[in-house]
Every structure is written in structure tokens, then in C-alpha cells.
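**Student:** I would like to see how this sequence folds:
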Amino acid sequence: TIEKKHTQNKRKHISDQAKPFVRTVLPIACGASHTAWQIAISEVQRQAIYADPKWNNGNPSPDDPPLAGLSVARQIGMVSYRTSMGYEKK
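**Tutor:** Residues are numbered from 1 along each chain as shown. This is a model prediction of the structure:
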């Protein structure tokens, strides 16, 4: 499925980034696959970070990180973890 392929690509990307430092990567505390909804929300969160000028095309300053973009990404996460029915019951 598309979700399985996305998860495999993500896992490969993470292990490729870790190669200079780590020989083996064992993902834990994560789902076996992502739904289309999860993939879409994650992309919107990434785009919120990318839209922050302090993201600096993937080279953020450790002294001045893209806090506004990260804040929006966290807000999206907080809103999306619950269904609309879950909000109506509150």
C-alpha cells in the first residue's frame, strides 16, 4: 500500500541520515504504517516549519531556531489528535 511504502521510505531516510554515527536503526514506539490522514497532517506540520523564515532552507541557526513554525506545527498536532466527536463531547 501507499502507507507501507511511505513508512519504508521514511525508515530508510532516517537510517541514511544516521549512517555516519549509527550502524543499525530500530524504530520503536511507532505504528507499523501511517494512514493517509496521518501523512497529510504530518506534511502540513512540516510546511508550517518550512514557512518560517528562520527555517533558512533547512539550515536553522541553533541560536535563533524557527520557533514560530514549530509553534504552529505543535498546534496542528494538538488539534488533530482528537476527532470532531471528541471535541463535541468536551
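**Student:** Now residue 38: which helix or strand?
**Tutor:** helix 36-51 (DSSP states H and E).
**Student:** Figure out how far that helix is from the centre of its chain.
**Tutor:** Centroid separation between helix 36-51 and its chain, computed with Cα atoms, centre = their mean, to the nearest Å, is 7 Å.
**Student:** Report the separation between residue 78 and residue 68.
**Tutor:** Per Cβ to Cβ, to the nearest Å, residue 78 is found 16 Å from residue 68. (Glycine included, C-beta is placed from N, CA and C.)
**Student:** quick one: which of those two has more around it?
**Tutor:** Taking other Cβ atoms under 10 Å, residue 78 and residue 68 do not tie; residue 68 has more neighbours (15 against 9).
**Student:** who's in contact with that one?
**Tutor:** Neighbour list for residue 68: 52, 54 [criterion: Cβ atoms under 8 Å, 6 or more residues apart in numbering].
**Student:** now with 6 Å?
**Tutor:** Neighbouring residues of residue 68 by Cβ atoms under 6 Å, 6 or more residues apart in numbering: residue 52.
**Student:** now the one 5 residues further on
**Tutor:** Residues in contact with residue 73, defined by Cβ under 6 Å, 6+ apart, are 45, 48, 49.
**Student:** what about the last one, how many residues close to it?
**Tutor:** Right, residue 49. Neighbour count for residue 49, taken as other Cβ under 10 Å: 19.
**Student:** Okay, the residue positioned nearest the centre of the chain and residue 60: tell me how far apart.
**Tutor:** Central residue of the chain (Cα atoms, centre = their mean): residue 42, 4.7 Å from the mean position. According to Cβ to Cβ, residue 42 stands 19 Å off from residue 60.
**Student:** same for the helix holding residue 38, what does it pack against?
**Tutor:** Counting contacts by 3 or more Cβ pairs under 6 Å, 6 or more residues apart in numbering; DSSP states H and E, helix 36-51 is packed against helix 67-80.
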